[in-house]
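A.B. asks: give me a 3D structure for the following:
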Amino acid sequence: MNCTVSNHVAVSPEQLMAAGQLLAPDWLLLPEGPRRDHAVLVVDGRFADAGPLALLQGRYPGHAVRRLENQLMMPGFIDTHHHLSQSFGKGLVFGEPSEIFRRVWIPLEGSLDTDLLYLTSKLAAFESLRGGFTTVCDAGTRSKEGVEAIAQAAHEVGIRCVLAKTCNDLEGERVLDARQVLSLAEHHLSAWENDPLITPSLAIPIPEIATDSTLGAVYRLCHEAGRVFQSHVNEHLVAVERSLERYGVRPLEHLHRAGALGPGALLAHATLLTPNELCLLRDSGAAVSYNPVASAWKGNAVAQAHLMHCLSIPVALGTDGTRGDGFRLLDYAEAAQRFAHGLAVGDAVCGGGQLWLDMATSHAADALGLGQSTGRIAPGRAADFLLVDLAVPELLPSWNLSWDLVRLANRDQIQAVVVQGKVRLWQGWPTDWDARALMRQVDELARSVVHQAPIHKVHPLPTVA
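C.D. replies: Below is the predicted model:
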């Protein structure tokens with residue numbers, strides 16, 4: 001049975017990805033911006049060609065044209081900072097003060113066995129896909145179980161995943177065997193060779209939980225392998241002050257001193273940077289994951305994302321696992337930047353709509369080292385894209401589609417989520433697995449998991465009669 005994509009065209013998932021046709025949406029979001037009267041050719045899960053429809057018709061006279069009226073085809077969103085193993089507790093942290101990782105995430109993730117790690121990761125990956133994300137970057141779980149369960153969940157959902165292994169060698173006052181930590185790190189980096197969806201990464205969640213020698217060694221392993229090194233830096237005032245007391249430097253300066261700040265480093269949050277640290281960051285080549293929703297929910301500040309971009313610091317958007325909704329992330333990214341930095345200086349533009357779209361797509365792919373694989377609708381890139389219905393009252397009339405997508409578009413307009421040429425979601429639900437069965441299973445288990453974990457909330461949950 002055919003599914004309706006809009007009021008003007010009916011097509012099924014199979015018809016959408018049928019071979020030998022040119023896909024011609026009303027709008028195509030290219031690196032240079034939205035374009036009309038353009039088309040793409042998808043072959044073996046990749047964009048084989050993209051350009052003006054008339055030009056492609058001339059190049060491929062034997063190909064039928066599949067017109068997708070009132071539809072936008074755009075690159076899938078890319079979440080550069082997620083915690084896939086935290087989805088069971090995402091509603092626990094509302095109204096909680098900073099550093100919830102100590103009171104909520106470490107106890108919760110530490111209680112997960114392999115089966116639970118798989119389920120919470122699959123739920124998070126599914127949420128991300130529903131929000132239009134075709135790639136997520138997992139920052140590393142605190143669960144003692146292996147990351148293979150997270151990889152399995154990502155594979156089954158069909159989402160691209162940069163998957164980190166945590167590599168700290170300090171646990172409180174206990175110093176771990178750094179040689180064993182580095183050996184496991186090397187093994188992780190060599191795993192998933194030629195895997196179409198999984199790209200390995202290494203993470204030291206915060207600089208203070210690793211020795212300087214291990215910080216530098218883990219960064220070098222990533223840099224030499226062409227993989228991303230991840231860390232949270234300068235997120236909360238208490239962490240900055242603790243770093244100054246213990247080490248005499250701020251967290252980002254700590255990374256720099258240890259030789260772990262350079263190209264290939266991806267730093268989450270970076271909300272509390274001094275002018276000196278901004279210069280260190282600019283000169284290092286490291287990238288920043290700007291997490292505006294996390295700033296609003298549990299942070300002390302909003303990263304100076306627009307300023308960083310103007311300083312040629314690579315900046316991309318991340319959710320921090322707050323909610324998997326790409327369009328709401330765009331809205332928050334622009335709005336938080338305006339409230340925190342733009343209004344005070346009379347900046348009515350704050351970068352413009354296209355900048356925030358780029359930070360959620362092409363810039364994000366570059367920050368993850370995936371710029372040659374995804375993030376753009378361009379020949380040779382993976383066919384990771386969204387089909388977005390534009391025939392909604394919120395977008396009529398449309399004067400500037402880039403701005404409209406940032407401020408007015410909604411998740412419910414996403415008709416199809418395609419990863420590597422395969423339709424993974426159709427009108428919000430998977431095409432090849434039972435998401436409702438997963439939801440029932442999670443609903444049965446998540447509450448008992450949370451109640452049994454040694455979580456400490458400053459504001460207890462309300463009592464349910």
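
A.B. asks: I'd like the next helix or strand past the least confident helix or strand in the chain by mean pLDDT.
C.D. replies: Of all regular secondary-structure elements in the chain, judged by mean pLDDT, DSSP states H and E, the least confident is helix 100 with a mean of 85. Sequence order places helix 106-110 as the next helix or strand after helix 100, per DSSP states H and E.

A.B. asks: can you map out the strands along the stretch 251-400 of the chain?
C.D. replies: For the stretch 251-400 of the chain, applying DSSP state E, counting those that start in this stretch gives strands covering 265-269, 287-290, 315-317, 385-389.

A.B. asks: just send those strands back as CSV, with distance to Arg338, mean neighbour count and mean pLDDT too.
C.D. replies: C-beta coordinates here come from the backbone N, C-alpha and C atoms, glycine included. Conversion of these to CSV gives the following (distance: least, Cβ to Cβ, whole Å; neighbours: other Cβ atoms under 10 Å; pLDDT from 0 to 100):
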stretch, distance to Arg338, mean neighbour count, mean pLDDT
strand 265-269, 19, 27, 98
strand 287-290, 14, 30, 98
strand 315-317, 15, 28, 98
strand 385-389, 24, 25, 98
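
A.B. asks: those strands into JSON lines, with extra columns for distance to Pro430?
C.D. replies: Below are the strands of the stretch 251-400 of the chain laid out as JSON lines (distance: least, Cβ to Cβ, whole Å):
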{"stretch": "strand 265-269", "distance to Pro430": "29"}
{"stretch": "strand 287-290", "distance to Pro430": "27"}
{"stretch": "strand 315-317", "distance to Pro430": "24"}
{"stretch": "strand 385-389", "distance to Pro430": "15"}
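
A.B. asks: for Gln15, find the nearest of those.
C.D. replies: Closest to Gln15 of those is strand 385-389 (Cβ to Cβ; 12.1 Å).

A.B. asks: give me the sheet partners of the closest one and which way each runs.
C.D. replies: strand 64-75 (antiparallel), strand 414-419 (antiparallel) (DSSP bridges).

A.B. asks: please render those strands as CSV that adds mean pLDDT, mean neighbour count and distance to Asn276 to the earlier fields.
C.D. replies: Output for those, formatted as CSV (pLDDT from 0 to 100; neighbours: other Cβ atoms under 10 Å; distance: least, Cβ to Cβ, whole Å):
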stretch, mean pLDDT, mean neighbour count, distance to Asn276
strand 64-75, 97, 20, 35
strand 414-419, 98, 26, 41
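
A.B. asks: how about those strands in JSON lines, adding distance to Tyr247?
C.D. replies: Listed next are these as JSON lines, based on distance: least, Cβ to Cβ, whole Å:
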{"stretch": "strand 64-75", "distance to Tyr247": "40"}
{"stretch": "strand 414-419", "distance to Tyr247": "42"}
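
A.B. asks: closest to Ala124 out of these?
C.D. replies: Using Cβ to Cβ, the nearest of the strands paired with strand 385-389 to Ala124 is strand 414-419, at 15.2 Å.

A.B. asks: any idea what the residue at minimal distance from the centre of the chain is bridged to?
C.D. replies: Nearest to the mean C-alpha position of the chain, by Cα atoms, centre = their mean, lies Asp79 at 1.0 Å. Taking DSSP bridges as the rule, Asp79 bridges to Val136.

A.B. asks: ok, it touching Ala139?
C.D. replies: No: under the criterion of Cβ atoms under 8 Å, Asp79 makes no contact with Ala139, lying 10.4 Å away.

A.B. asks: coming back round to it: contacts for the least confident helix or strand of the chain?
C.D. replies: The contact list for helix 100, computed with Cβ atoms under 8 Å, 6 or more residues apart in numbering, reads 93, 298.

A.B. asks: how far off centre is it?
C.D. replies: The chain centre lies 20 Å from the centre of helix 100; the measure is Cα atoms, centre = their mean, to the nearest Å.

A.B. asks: which stretches in the stretch 301-450 of the chain count as helices?
C.D. replies: Assigned by DSSP state H, counting those that start in this stretch, the helices in the stretch 301-450 of the chain fall at 305-310, 326-337, 353-360, 362-367, 401-407, 435-452.

A.B. asks: convert the C-alpha atoms of the first one to PDB, please.
C.D. replies: Spelled out, it's helix 305-310. Only the C-alpha atoms of helix 305-310 are listed here, as PDB (Å, rounded to 0.1, in the frame of the first residue of the first chain):
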ATOM      1  CA  ALA A 305      29.500  29.500  19.300                       C
ATOM      2  CA  HIS A 306      29.200  32.400  16.800                       C
ATOM      3  CA  LEU A 307      32.400  34.100  18.000                       C
ATOM      4  CA  MET A 308      34.200  30.700  17.800                       C
ATOM      5  CA  HIS A 309      33.000  30.300  14.200                       C
ATOM      6  CA  CYS A 310      34.200  33.800  13.400                       C
END
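
A.B. asks: which stretches of the stretch 1-150 of the chain aren't confidently modelled?
C.D. replies: Within the stretch 1-150 of the chain, the segments meeting pLDDT under 70 span 1-10.

A.B. asks: could you chop this structure up by domain?
C.D. replies: 13-75+381-430, 77-367 (automatic domain parsing).

A.B. asks: those domains: which one's closest to Ala446?
C.D. replies: Proximity to Ala446 (Cβ to Cβ) singles out domain 77-367 among the domains of the chain, at 4.4 Å.

A.B. asks: got the end-to-end distance for the closest one?
C.D. replies: 13 Å (Cα to Cα, to the nearest Å).

A.B. asks: return the most buried member of the domains of the chain.
C.D. replies: domain 77-367 (a mean of 21; mean count of other Cβ atoms under 10 Å).

A.B. asks: how far out from the middle of the chain is that one?
C.D. replies: Distance, centroid of domain 77-367 to centroid of chain: 9 Å (Cα atoms, centre = their mean).

A.B. asks: what do you get for stretch 25-40?
C.D. replies: Distance of stretch 25-40 from its chain centroid, counting by Cα atoms, centre = their mean, is 23 Å.

A.B. asks: can you pull out the residues in contact with that stretch?
C.D. replies: 22-24, 47, 49-54, 56-57, 65, 68-75, 354, 357, 362, 376-378, 383, 387, 390, 401-402.

A.B. asks: quick check: the gap between Arg67 and Ala24.
C.D. replies: Separation of Arg67 from Ala24 (Cβ to Cβ, to the nearest Å) stands at 5 Å.

A.B. asks: also Val147?
C.D. replies: Distance from Val147 to Ala24, by Cβ to Cβ: 41 Å.

A.B. asks: what pLDDT is listed against the residue nearest to Asn400 when sequence neighbours are not counted?
C.D. replies: Nearest non-adjacent residue to Asn400, counting by Cβ to Cβ, 6 or more residues apart in numbering: Gly353, 6.6 Å away. pLDDT, Gly353: 96.

A.B. asks: contact partners for Gly353?
C.D. replies: 334, 400, 402-407.

A.B. asks: give me the nearest residue to Ser362, chain neighbours excluded.
C.D. replies: Gly375 is the one closest to Ser362 (Cβ to Cβ, 6+ apart), at 4.6 Å.
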